[in-house]
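Engineer: fold the following.
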Amino acid sequence: MPRTVNTSRPTRPEVCFAGFDLSLTASGIIVLNSKGEVKERHVIKSKLKGQERLEEILNRIKAIIEPYNIQLVCVEGYAMGGMGRVFD
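Structural biologist: You can find the predicted model right below:
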């Protein structure tokens, strides 16, 4: 009797990586696959202020990365030499 193959099994999702350059004025996001190919790249800008701006940025980030099997996230560090030097 021939062996049957279950074709309804879900395929293994592609492993991806995300990089974030977070900012209140223009946050950059990139999603790469394991071959280094760009799957998504976005700049998120918002005209909102305060908590509403943070919520919008968060929601847009979630919408971008949700479809992917993100295994590693890299976040750019502070701009230590930036104006104001808040983190000295």
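
Engineer: quickly run through the sheet partners of the one helix or strand L32 maps to, with directions.
Structural biologist: Assigned by DSSP states H and E, L32 belongs to strand 27-33. Strand 27-33 pairs in its sheet with strand 15-21 (antiparallel), strand 38-44 (antiparallel), by DSSP bridges.

Engineer: burial measure for the closest residue to H42 other than its chain neighbours, as a count.
Structural biologist: Nearest residue to H42, sequence neighbours excluded (C-beta to C-beta, 6 or more residues apart in numbering): I29, at 4.9 Å. C-beta here means a position set from N, CA and C on the backbone, and glycine is covered the same way. Neighbours of I29 under the rule other C-beta atoms under 10 Å: 19.

Engineer: over to R60?
Structural biologist: Look at R60: counted by other C-beta under 10 Å, it has 16 neighbours.

Engineer: residues contacting it?
Structural biologist: Going by C-beta atoms under 8 Å, 6 or more residues apart in numbering, R60 touches H42, I44.

Engineer: so which of the strands paired with strand 27-33 comes closest to Q71?
Structural biologist: For Q71, the closest of the strands paired with strand 27-33 is strand 15-21, at 5.1 Å, according to C-beta to C-beta.

Engineer: make CSV from the strands paired with strand 27-33 and add distance to K62, mean pLDDT and mean neighbour count to it.
Structural biologist: CSV is the format used below for those (distance: least, C-beta to C-beta, whole Å; pLDDT from 0 to 100; neighbours: other C-beta atoms under 10 Å):
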stretch, distance to K62, mean pLDDT, mean neighbour count
strand 15-21, 11, 96, 17
strand 38-44, 11, 96, 13
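
Engineer: quick one, which of these gets closest to V75.
Structural biologist: Among those, the nearest to V75 by C-beta to C-beta is strand 15-21 (4.8 Å).

Engineer: off-centre distance for that closest one?
Structural biologist: How far strand 15-21 lies from its chain's middle: 5 Å, per C-alpha atoms, centre = their mean, to the nearest Å.

Engineer: likewise for stretch 19-34?
Structural biologist: Averaged C-alpha coordinates place stretch 19-34 at 6 Å from its chain's average position (C-alpha atoms, centre = their mean).
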